[in-house]
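S.K.: Here you go, sequence then predicted model.
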Amino acid sequence: MKLIIQIPCYNEETTLGSVLKELPKNIEGISKIETMIIDDGSTDKTIDIAKKHKVTYIVAHRGNKWLGNAFRSGISKALSEWADILVNTDGDNQYPGKYIETLLQPILRGESDIVMWDRQTASIEHFSVLKKFFQWLGSLLVRILSGTTVPDSVSWFRAYSRESLLRLNITSDFSYAVDTLVQAGSKKIHVSHVPITTNKPTRPSRLFSSMWQHMTQTLSILLRVYAMYHPMKLFFSLASVFFVLGTIWVIRFLYYYLTIDGDTGKIQSLILSGAFLTIATVFFALGIIGDLIAKNRKLIEDNLYINKKMYYNKK
Ligand SMILES: Nc1nc2c(ncn2[C@@H]2O[C@H](COP(=O)(O)OP(=O)(O)OP(=O)(O)O)[C@@H](O)[C@H]2O)c(=O)[nH]1
Ligand SMILES: [Mg+2]
C-alpha cells in the first residue's frame, strides 16, 4: 500500500516547513509514504522549502490556477505514481499531521473510500457563535443535498482511496469541498469521518476573504453541482412551488367566478396564476432536459472511469 500526502500551496513559505516536519514517516499497513506539493504559482520560497525537506513530487503550475485545479493536478500525479491512498492536507499547518494515521484507518479496513476529518466546529474556541451556526447550517445543507452523513463538509483534510480518485471528476476551479461530496453521494462512494481536533490558525484563509464570501461561493458551487447530478429533483421542486401557487390563484378566480354570478373582478388572480403556471412549466421542462443530460453525463463518466483506469494502471 502506497500513500501519497499532498499539500496544495499558494505562498506557504512560512508554514510549509513545519507541516512537512510533522508528517508521519511510518504507518502500520502502509509500505511506502511519499509527499507531494502542488505549487499554484507561488511567488515566495515555497518550492525551495519543499526541496529542502526532500518532498518526493513537486507539481508546479505556471501562474495561480486556484485550488480546484491544484487538487485535480494532484489527483492526476498521484494516480500516475501508483498511490493507493491520497491524503490532502493544508500548507498553513491547520491540520496536525500526526492524525493522518487515524484518517487512513477506515480505508485500510476496507470500509470507506473517502475519509473526512471532522473538526468538531461546535467546540473550536476561535470560531464565533455566528461562524459555528453557519458551519452547522452549511454542513446540514450539504448532508441533505449529498445524501452523505458528514458533520463537517468544508474541511480539506481528507483521505481518498485510489478507487474514489478514479471515480471523482472535479469540475469546480475554486473550492472542490462540496463538489466531491455531492459526487460521492450520487456515485455511491462511501464517505466516513473521524473526529479530530484542529491546530490554532496561523493566518487568515487565503481562499476566502470573509465568512460571507465563503458562504456565497460554497452555496453557488453546491447548487450548481447538485443541478448537474440531480437536475430533476432540483427543478421539479422549484416547479412544484410555482405550480401550487398558480393553482391557488386560479382556484380563487374560479371560486368567485362561479359562486358570485360570473364575477370577473378577480382577473388579477388569473394573470398571476398564468405567470406562476408558466414558470412551473419552464422548470418542469428544465428538469426533464437536465435529467436527459445527466443520464448522458453518467455514461460519459463511466467511460472516463474505464479510460482513466486503463491509462493510469498501464503507466
Ligand atoms: N492551489 C491553490 N492553493 C491555494 C490557493 N489558495 C489557497 N491555497 C492553498 O489551499 C490550502 C487551503 O487554503 P487556506 O487559505 O488555508 O483556506 P482554508 O483552509 O479554507 O481556510 P482556513 O480554514 O481559514 O485555514 C492551503 O494549503 C493554501 O496554500 C490557490 O489559489 N491555489
Ligand atoms: Mg487552511
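M.R.: Noted; the coordinates are in hand. Ligands and ions are numbered 1, 2, ... in the order given.
S.K.: all strands of the stretch 1-150 of the chain, in order?
M.R.: 2-9, 32-39, 57-60, 85-88, 114-118 (DSSP state E, counting those that start in this stretch).
S.K.: ok, and the helix or strand in the protein with the lowest average confidence?
M.R.: Least confident element among the helices and strands of the chain, by mean pLDDT, DSSP states H and E: helix 129-146 (a mean of 88).
S.K.: can you state the direction angle for it and strand 114-118?
M.R.: 160 degrees (axes from the mean of the first three to the mean of the last three C-alpha atoms, to 10 degrees).
S.K.: Which other helices and strands does the helix or strand just after helix 129-146 contact?
M.R.: Going down the chain from helix 129-146, the next helix or strand is strand 158-161, by DSSP states H and E. Strand 158-161 is packed against strand 85-88, helix 100-108, strand 114-118, with contacts defined by 3 or more C-beta pairs under 8 Å, 6 or more residues apart in numbering; DSSP states H and E. In this view, the C-beta of every residue, glycine as well, is placed from N, C-alpha and C.
S.K.: The closest residue to residue 169 other than its chain neighbours: what's it in contact with?
M.R.: The shortest distance from residue 169 to any non-neighbouring residue, by C-beta to C-beta, 6 or more residues apart in numbering, is to residue 301 (6.1 Å). Residues near residue 301 by C-beta atoms under 8 Å, 6 or more residues apart in numbering: 167, 169, 187.
S.K.: which of these has the most neighbours?
M.R.: residue 167 (22 neighbours; other C-beta atoms under 10 Å).
S.K.: secondary structure element for the residue nearest to residue 169?
M.R.: Assigned by DSSP H and E, residue 301 falls in helix 267-314.
S.K.: Tell me how the protein divides into domains.
M.R.: According to automatic domain parsing, the chain comprises the domains 2-228, 231-314.
S.K.: Which residue lies nearest the spatial centre of this structure?
M.R.: residue 178 (2.1 Å; C-alpha atoms, centre = their mean).
S.K.: Spell out which residues sit in contact with residue 12, please.
M.R.: Counted by C-beta under 8 Å, 6+ apart, residue 12 has contacts 19, 42, 44, 46, 49, 91-92.
S.K.: at 6 Å instead, please
M.R.: 46, 91 (C-beta atoms under 6 Å, 6 or more residues apart in numbering).
S.K.: Could you do the one 3 residues further on as well?
M.R.: Neighbouring residues of residue 15 by C-beta under 6 Å, 6+ apart: 92-93, 202.
S.K.: 8 Å instead?
M.R.: Counted by C-beta under 8 Å, 6+ apart, residue 15 has contacts 91-93, 202-203.
S.K.: What subset of the residues you listed is buried?
M.R.: 91-93 (16 or more other C-beta atoms under 10 Å).
S.K.: Enumerate the residues of the stretch 51-200 of the chain near ligand 2.
M.R.: Residues of the stretch 51-200 of the chain found near ligand 2, taking C-beta under 5 Å from the ion as the criterion, are 90, 92, 94.
S.K.: which of the residues you listed lies closest to residue 285?
M.R.: Within those, distances to residue 285 taken as C-beta to C-beta reach their minimum at residue 90, with 43.1 Å.
S.K.: Pretty sure residue 156 is one of the things the closest one touches, is it not?
M.R.: Yes. With contact defined as C-beta atoms under 8 Å, residue 90 reaches residue 156; the gap is 5.5 Å.
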